[in-house]
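**Student:** take this sequence and fold it.
(4 chains)
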There are 2 protein chains.
Amino acid sequence: MTDRDGQAPAAPGIADQRRGQMLQAALEVISERGFADTRIADIAERIGISPALVIYYFKTKDQLLTEAIRHYEDTWYAEGQRRMDKLATGAERLEEFVAMNLLPDADPGLEGNWKLWLDFWVQAARNPDVASVREEFDKRWRDVVVSLVTEGQQAGEFTSVDPFPFSVALCALLDGLAIQIALEDPVVDPMSAYELCMRYVGDHLGFPWVPGRRARRDGSPHPQEQER
Amino acid sequence: MTDRDGQAPAAPGIADQRRGQMLQAALEVISERGFADTRIADIAERIGISPALVIYYFKTKDQLLTEAIRHYEDTWYAEGQRRMDKLATGAERLEEFVAMNLLPDADPGLEGNWKLWLDFWVQAARNPDVASVREEFDKRWRDVVVSLVTEGQQAGEFTSVDPFPFSVALCALLDGLAIQIALEDPVVDPMSAYELCMRYVGDHLGFPWVPGRRARRDGSPHPQEQER
DNA sequence: CGGGACTGACTGAATGTTCAGTCTAGAAAT
DNA sequence: ATTTCTAGACTGAACATTCAGTCAGTCCCG
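**Tutor:** The predicted structure follows:
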């Protein structure tokens, strides 16, 4: 019996389950080996199926990987929205927003795999299909910032900066810091990146931000220098 | 161990010329096709030689590509230094610094190929050799900002912010904006990114920056820019 | 001549994709 | 209730292609 988890066997959702498994496995492999070095055999092996089945579900390798990217970005966005909705003030939401981008956090399904973003960007640079997904995603993400800021301003929390340029700058800053974190730069650990970013937000929106509050995990000590 | 280019000094220029050609061609192909899809046949074809010759000079494909990255970053850094040295005030230098990162500019050898950086980052994420080059490079680049700011402060141009966090933030912001430019995001064109960034610099260093001044970089650059 | 620059033809390994079936669960027929 | 049938999930074994790297040998210059 190939159905190991026994959950809803013979259920109509078996195909969807498989697709989900594969998408998830694809993301894991991509973040480990990198997009370019991801083989369908890797993905198949991780689930314990034959490579042929992967092609059975996704017509081609490229389609699987492209869908994996789309899936990840949708998941990420949905999770972001969910978290925003849980919080009351604009300041709290912005804090969560920044934290989600920079602080390691065992998200369900979207473990802090910053390297994934690097690979996605590279794909977006040459694959028009991925490019449009990314563009759409970045737009939505900036829109979130704009509405957060606008709401905060109407509530009197923030000063009246122009929300749009602010959103562009904040998202760019987040991306830039995320790169350093992904690449494990020794001088930019997640926590200091987070604080730097929040200080920027506080400065520009005119609300006082104090470092102590959230402080969860500090930068995980990864002092291993690659020996040549 | 890591023997520098001490080999084959007997050949006058042929060998070095070839190496340079290949490195250059490699960079072009990488920025067009992407690092992962770069074949040694592409590089050979571009110069009009046989693929075997590429292997003749660089023992493996990986070595060629890794050296190409190193070569590009060195060239970029050297060009940056050269431009800094030409300018007098800290404000001017910072302006040039930002422009170099964001504005298209037909540099000799390093055409504004932002996509290259994306590919380099992806390589750095998994190849320790590339990673150390990148880390070194980012450090030097930040150091440039730090000394620029420090000098400007001593000259009374800038306010006294802490130069180091400023350099981290500025470089991150530049990277983030560069991504948008590389990916041709419709709302972040080079010029507006440049202005946004300079406004940030002006705000934080306390010097007035007016958008009009430099501009004019799109069309024909300085005529007496040295070739080769 | 001798050695470095260079090449065409080749190989070996990796890997995406195809294909001809196998197996199972359940529906339909008996 | 038993048998038959069907469709979809799944696989092992090939197939086809793509490339990095090898090799034996040619060309050319000093």
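**Student:** residue closest to the middle of chain A?
**Tutor:** residue A:76 (5.3 Å; CA atoms, centre = their mean).
**Student:** and it, how close does it get to DNA strand C?
**Tutor:** Counting by CB to the nearest atom of the strand, to the nearest Å, the gap from residue A:76 to DNA strand C is 25 Å. Every C-beta, even on glycine, is put in place using the N, C-alpha and C of the backbone.
**Student:** and what of residue A:90?
**Tutor:** 46 Å.
**Student:** test my guess that that residue contacts residue A:145.
**Tutor:** No - the pair residue A:90 and residue A:145 fails to qualify as a contact (CB atoms under 8 Å) at a distance of 10.3 Å.
**Student:** and chain A, which residues reach DNA strand D?
**Tutor:** When proximity is defined as CB under 7 Å from any atom of the strand, chain A approaches DNA strand D at A:2-3, A:14-15, A:18, A:48-53, A:56.
**Student:** just the buried subset of those, please.
**Tutor:** Among those, those classed as buried by 16 or more other CB atoms under 10 Å in any protein chain shown are A:18, A:49, A:53.
**Student:** what about the second one, which SS state?
**Tutor:** At residue A:49 the chain is in coil, as set by DSSP: H, G, I helix; E, B strand; the rest coil.
**Student:** just the CA atoms of stretch A:44-55, as PDB, please.
**Tutor:** Output in PDB follows, covering the C-alpha atoms of stretch A:44-55 (Å, rounded to 0.1, in the frame of the first residue of the first chain):
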ATOM      1  CA  ALA A  44      10.700  11.800  -5.700                       C
ATOM      2  CA  GLU A  45      13.100  10.300  -3.300                       C
ATOM      3  CA  ARG A  46      12.100  12.600  -0.500                       C
ATOM      4  CA  ILE A  47       8.500  11.400  -0.800                       C
ATOM      5  CA  GLY A  48       9.500   7.800  -1.500                       C
ATOM      6  CA  ILE A  49       8.000   7.600  -4.900                       C
ATOM      7  CA  SER A  50       9.400   7.100  -8.400                       C
ATOM      8  CA  PRO A  51      10.500  10.000 -10.500                       C
ATOM      9  CA  ALA A  52       8.000   9.000 -13.100                       C
ATOM     10  CA  LEU A  53       5.100   9.800 -10.800                       C
ATOM     11  CA  VAL A  54       6.300  13.400 -10.500                       C
ATOM     12  CA  ILE A  55       6.000  13.700 -14.300                       C
END
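**Student:** give me the contact list for that stretch.
**Tutor:** For stretch A:44-55, the external contacting residues (CB atoms under 8 Å, 6 or more residues apart in numbering or on different chains) are A:2, A:4, A:18, A:21-22, A:25, A:28-29, A:40-41, A:43, A:61, A:64.
**Student:** near DNA strand C, from those residues?
**Tutor:** A:40-41, A:61.
**Student:** tell me the mean pLDDT over the helix or strand encompassing residue A:19?
**Tutor:** In the assignment (DSSP states H and E), residue A:19 maps to helix A:14-33. Helix A:14-33 shows an average pLDDT of 93 in the prediction.
**Student:** who are the packing partners of that helix?
**Tutor:** helix A:40-47, helix A:51-57, helix A:61-86, helix A:114-126 (3 or more CB pairs under 8 Å, 6 or more residues apart in numbering or on different chains; DSSP states H and E).
**Student:** could you dump these to TSV with mean pLDDT and distance to residue A:211?
**Tutor:** Shown next, in TSV, are the helices and strands packed on helix A:14-33 (pLDDT from 0 to 100; distance: least, CB to CB, whole Å):
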stretch	mean pLDDT	distance to residue A:211
helix A:40-47	97	40
helix A:51-57	97	47
helix A:61-86	95	21
helix A:114-126	97	22
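**Student:** from those helices, which stretch is densest packed?
**Tutor:** helix A:114-126 (a mean of 23; mean count of other CB atoms under 10 Å in any protein chain shown).
**Student:** which residue is the nearest non-sequential neighbour of residue A:98?
**Tutor:** In space, and not counting its chain neighbours, residue A:98 is closest to residue A:197: 5.0 Å by CB to CB, 6 or more residues apart in numbering or on different chains.
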